[in-house]
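Engineer: coordinates only, no sequence provided:
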């Protein structure tokens, strides 16, 4: 019993209509170009905003540092009121005697 193999599709290469692929639309390239342009615009916007974000972060750190210094000063005054006008001899005494957290003694801008 012999089986004959028949191809699923026969392409006639002599027929120009079958030998050429379907024409590509030019819309695909336009989408790629506009997507690239949009991505570049977003990248430029982000690069423009990064320095201002860094400045805002530094300003926030300065405000927090000033708040920490105010808390230390108020704790020292409370210590002085409780100890006949004497300021604490060191920060460790102030930390142990007053209700301060250890984060108050660390500057948020410091490298740690």
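Structural biologist: Thanks, I have the structure now. Nothing here was measured: the structure is a model prediction, and the numbers come from that model. Numbers count the residues shown, from 1 in each chain.
Engineer: could you count how many residues lie near residue 100?
Structural biologist: Using other CB atoms under 10 Å, the number of residues around residue 100 comes to 17. C-betas here are computed from N, CA, C, even on glycine.
Engineer: brain fart, residue 94
Structural biologist: By other CB under 10 Å, 19 other residues sit near residue 94.
Engineer: touching, it and residue 75? I think so.
Structural biologist: Yes: between residue 94 and residue 75 there is a contact under CB atoms under 8 Å: 5.6 Å.
Engineer: quickly list what's touching both of these two.
Structural biologist: Common contacts of residue 94 and residue 75 (CB atoms under 8 Å, 6 or more residues apart in numbering): residue 100.
Engineer: remind me, longest helix of this protein?
Structural biologist: helix 27-82 (DSSP state H).
Engineer: quick one: mean pLDDT for it?
Structural biologist: Averaged across helix 27-82, pLDDT comes to 88.
Engineer: what packs against that helix?
Structural biologist: Secondary-structure packing of helix 27-82 (3 or more CB pairs under 8 Å, 6 or more residues apart in numbering; DSSP states H and E): helix 91-97.
Engineer: now the helix it packs on: buried residues?
Structural biologist: Residues 94, 95 are the ones in helix 91-97 that count as buried (16 or more other CB atoms under 10 Å).
Engineer: return the distance of that helix from the chain's centre.
Structural biologist: In this view, helix 91-97 has its centroid 38 Å away from the chain centroid, taken as CA atoms, centre = their mean, to the nearest Å.
Engineer: same deal with stretch 64-83?
Structural biologist: Chain-centre distance of stretch 64-83: 35 Å, with CA atoms, centre = their mean.
Engineer: and stretch 58-76, by the same measure?
Structural biologist: In terms of CA atoms, centre = their mean, the centre of stretch 58-76 is found 26 Å from the chain centre.
Engineer: next one: stretch 104-112
Structural biologist: That offset, for stretch 104-112, works out to 21 Å (CA atoms, centre = their mean).
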